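Asks: Below is the sequence, then the predicted model.
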Amino acid sequence: MGRYTDIRRGVELNAALTKLRAYEDLTRAQKQAAYKAQRGTSVKVKPNKVKGFVESFNLAGRIYLPVRLLSDTQSGNTDITTLVREAAATTGRTIAVGFTVPQGGVLLDGLTGFKAARFGVVKRGAAVADNESRVTDIQYARYDNKSTSSPFGSQQAGNEAYATAVSEIKDIANVKTFLASEGNRIYFAPEII
């Protein structure tokens, strides 16, 4: 049995459930149209990507794996793409194509299932006027946020622990300045092999 507060919301929740079921009955095209209508003029970050390499955290030895890195020729949303690109490239955590493989290093291409560690940022945008859920018509606080991320690996000296790399990226002055703005946040995803 629910709490009294849950019971009192029964009529409101039943109305939301009815709207949810009506939304679920829409075709995929109708759902996408509803999303686009609500999204309005918001523009997603479309990063330019170039081929590069990262050194693995988890493989033994100096193993370099191919990844797609943020290009320095980005146009639009350059504040966050530059922040992420520069933070990931600090002390050689990302490497451009054509680098000289160090003695004993190996370029490993085609490793199935590999996902490089990622550093990403979410920049809080302006509050969106249309805050109504397109599914239930309930009001929510929404912002026109922008986000992007980049792979990173062990620094070029090799044998760096993932936790050390995360800690050093968090300590970069530009990252701390970015986090000082309300609503801005960063995130990390570990390497998967």
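Replies: Done, it's in.
Asks: Tell me how the chain divides into domains.
Replies: Here the domain parsing of the chain from automatic domain parsing is 1-39, 41-189.
Asks: got the buried residues for the shortest one?
Replies: By neighbour count with 16 or more other C-beta atoms under 10 Å, domain 1-39 contains the buried residues Ala16, Lys19, Tyr23. All C-beta spots, glycine's among them, are computed from the backbone N, C-alpha and C.
Asks: Out of those, the closest to Lys115 would be?
Replies: Using C-beta to C-beta, Tyr23 comes nearest to Lys115 of the buried residues of domain 1-39, at 32.9 Å.
Asks: is it true that that closest one touches Asp137?
Replies: No: if you go by C-beta atoms under 8 Å, Tyr23 and Asp137 don't touch, sitting 10.0 Å apart.
Asks: What segments of this protein are helices?
Replies: 4-8, 10-24, 28-39, 78-89, 162-170, 173-179 (DSSP state H).
Asks: Export the buried residues of domain 1-39 as a markdown table, with columns for distance to Asp109 and pLDDT.
Replies: What follows is the buried residues of domain 1-39, written out as a markdown table (distance: C-beta to C-beta, whole Å; pLDDT from 0 to 100):
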| residue | distance to Asp109 | pLDDT |
| --- | --- | --- |
| Ala16 | 50 | 83 |
| Lys19 | 50 | 88 |
| Tyr23 | 44 | 89 |
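Asks: got CSV for the residues you listed, with distance to Arg118 too?
Replies: Shown next, in CSV, are those (distance: C-beta to C-beta, whole Å):
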residue, distance to Arg118
Ala16, 35
Lys19, 36
Tyr23, 32
